[in-house]
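Q: Test case, fold it:
(4 chains)
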Number of protein chains: 2
Amino acid sequence: MTTERTDATALADSIRHAGLRVTEPRVAVLGVLENESHIEAERVFRAVLPLVPGTSVQAVHGILAAFTQAGLVRRIEPAHSPALYERRVGDNHHHVVCTGCGAVEDVDCTVGHSPCLTPSSSGGFQIQTAEVTFWGLCPACQAAVPA
Amino acid sequence: MTTERTDATALADSIRHAGLRVTEPRVAVLGVLENESHIEAERVFRAVLPLVPGTSVQAVHGILAAFTQAGLVRRIEPAHSPALYERRVGDNHHHVVCTGCGAVEDVDCTVGHSPCLTPSSSGGFQIQTAEVTFWGLCPACQAAVPA
DNA sequence: GGGCTTGTTTTGAATAACTCAAAATAACTG
DNA sequence: CAGTTATTTTGAGTTATTCAAAACAAGCCC
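A: Below is the predicted model of the structure:
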C-alpha cells in the first residue's frame, strides 16, 4: 500500500497545479484539510505542528490565504466564529451551522442556483454569487435540549 | 415642528417598550441607527460621541448588544467586515454586499421564504432560519471598473 | 548537481474588533 | 426622595489575524 490517507504526492501535485511551490507545511496543511472539513486556522495549526515541527501560526494563515486565493480551498466566515476552511471547492454549496455547538455541515442548494441568485430588488447591484447560511440545531444538540 | 429626525421621545419609547432603561447614550445610539443603516459599532461610536460627550466605545458595544438581544436592532456579520447593525428588524430580509467597496443594501427574499428555508439535505439539522448574502458590484463600482 | 532567483517561512511586533470586570453613576420603583 | 438595580466608565485583556524584515528553500538554468 502506497496510499496512507491522501498520498503526499497527490497533495503536492494539487499544490503545484495551483501554481504554488510545494513545501512541507503546505502539504501538511492540505492533508489536514482533506481529513477534516470546516476547520479553523488555529486547529489546522495544531494538527500540522506535530507533523512539521517549527511551523508557525502565521505561516498557516499565510498558507490558507494562498490556498484560498489559488482556489484550492474555500474560506467561509459564519457569524460568531473565526474563519473556517474547507477543501470542497468549485461548487457553490451552502452551509448549516448549529446554533448550539457551532457544528457546520455542507448543504447542496435546493433549487439549482436560480432562486437564490435572483433577488427581487438587487438595487442596481450586479450580482455575482449568493451565499446561504442556514442556522439550526444539530442532531446532538436537539437531543441535549429536548423540548 | 416638534420632530427633528425621529423624535427623541419616540426613540425613548422604543427603548422602554423593549424592556430597557432609557439613557442618553442609548437614545443617541438608536437615533444614529435610524438615520444610517448597516453601520458598524465604531462608526456609531463616532456619531454618538459629539452628541453625548464621554461615551465610551465599550458602552456602544454594550448598547448595541442589548438592543440586538432585545430585538430592537439586527446584527449582521458579512465576511471581511466588522459586525453591522441595522434598525430594520422583524422581517427576515437579506443583503447584497459590494465586492468592490463593501457597501451593503437590503434585499427582500425573492420567493417568499420557502425555497431558502428548505435545503435539500439538512443532515438532520432542525433548521430555524436561513441567511442569504449576495455578493456583487454596486452601481458606483460598476462605473469605476468598466468592462 | 550547484548557483540563483524568487517565493515561503520564521520571528517579532502590531492591529482590529471585541469582551471582561470592578467601581462609579444614574434610572426607575415605591 | 431614597433605595435597588441596571448602565456606563475606566482600565485591562483576548482572539483572530495582519504586517514586515530577515532567514531559508524550491525549482529553473546551465
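Q: The strand or helix carrying residue A:66 close to chain B?
A: For residue A:66, the element it lies in under DSSP states H and E is helix A:57-70. No: Helix A:57-70 lies apart from chain B when judged by C-beta under 8 Å from any C-beta of the partner chain; the minimum separation is 11.4 Å. (Each C-beta comes from the backbone N, C-alpha and C, glycine too.)
Q: helices or strands next to the helix or strand following that helix in the packing?
A: Sequence order places strand A:74-76 as the next helix or strand after helix A:57-70, per DSSP H and E. Applying 3 or more C-beta pairs under 8 Å, 6 or more residues apart in numbering or on different chains; DSSP states H and E, one finds that strand A:74-76 makes contact with helix A:57-70, strand A:84-86.
Q: List the contacts of the helix holding residue A:66.
A: Contacts with helix A:57-70, where a contact means C-beta atoms under 8 Å, 6 or more residues apart in numbering or on different chains, come from A:18-20, A:25-26, A:29-30, A:33, A:41-42, A:44-45, A:48, A:73-75, A:85.
Q: ok, now with 7 Å
A: Here helix A:57-70 makes contact (C-beta atoms under 7 Å, 6 or more residues apart in numbering or on different chains) with A:18-20, A:25-26, A:29, A:41, A:44-45, A:48, A:73-75, A:85.
Q: would you list those in JSON lines and tack on secondary structure?
A: Listed next are the contacts of helix A:57-70 as JSON lines, based on DSSP: H, G, I helix; E, B strand; the rest coil:
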{"residue": "A:18", "secondary structure": "coil"}
{"residue": "A:19", "secondary structure": "coil"}
{"residue": "A:20", "secondary structure": "coil"}
{"residue": "A:25", "secondary structure": "helix"}
{"residue": "A:26", "secondary structure": "helix"}
{"residue": "A:29", "secondary structure": "helix"}
{"residue": "A:41", "secondary structure": "helix"}
{"residue": "A:44", "secondary structure": "helix"}
{"residue": "A:45", "secondary structure": "helix"}
{"residue": "A:48", "secondary structure": "helix"}
{"residue": "A:73", "secondary structure": "coil"}
{"residue": "A:74", "secondary structure": "strand"}
{"residue": "A:75", "secondary structure": "strand"}
{"residue": "A:85", "secondary structure": "strand"}
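Q: export these to CSV and tack on distance to residue B:80 and pLDDT?
A: Shown next, in CSV, are these (distance: C-beta to C-beta, whole Å; pLDDT from 0 to 100):
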residue, distance to residue B:80, pLDDT
A:18, 22, 97
A:19, 23, 97
A:20, 22, 97
A:25, 25, 98
A:26, 24, 98
A:29, 21, 98
A:41, 15, 98
A:44, 20, 98
A:45, 21, 98
A:48, 25, 98
A:73, 16, 98
A:74, 14, 98
A:75, 10, 98
A:85, 15, 98
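Q: so how far is residue A:40 from the spatially most central residue of chain A?
A: Taking C-alpha atoms, centre = their mean, the centroid of chain A lies closest to residue A:86, which sits 1.7 Å from it. Distance, residue A:86 to residue A:40, by C-beta to C-beta, to the nearest Å: 11 Å.
Q: thinking again about what came up before, count of residues packed around the nearest residue to the residue nearest to the centre of chain A once chain neighbours are set aside?
A: Computed as C-beta to C-beta, 6 or more residues apart in numbering or on different chains, the closest residue to residue A:86 that is not its neighbour in sequence is residue A:37, at 4.8 Å. Residues contacting residue A:37 under the criterion other C-beta atoms under 10 Å in any protein chain shown number 14.
Q: Over to the one 3 residues further on?
A: Residue A:40 has 14 neighbouring residues, counting by other C-beta under 10 Å.
Q: do the same with the one 4 residues further on
A: For residue A:44, the tally of surrounding residues (other C-beta under 10 Å) stands at 24.
Q: Residues of chain A that sit close to DNA strand C?
A: A:20-21, A:23, A:25-26, A:52, A:54-56, A:58-59, A:62-63, A:66 (C-beta under 7 Å from any atom of the strand).
Q: Quick check: ChimeraX command selecting the buried ones in these.
A: Here is the ChimeraX selection string for the buried members of those, based on 16 or more other C-beta atoms under 10 Å in any protein chain shown:
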select /A:20,25,26,55,59,63,66
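Q: And the furthest pair within the residues of chain A next to DNA strand C?
A: Farthest apart among the residues of chain A next to DNA strand C by C-beta to C-beta are A:20 and A:54. That separation is 19.9 Å.
Q: ok so, going back, for the record, mean pLDDT for the helix holding residue A:66?
A: The predicted model assigns helix A:57-70 a mean pLDDT of 98.
Q: ok now it, how far from the chain's centre?
A: Taking C-alpha atoms, centre = their mean, to the nearest Å, one finds the center of helix A:57-70 at 12 Å from the center of the full chain.
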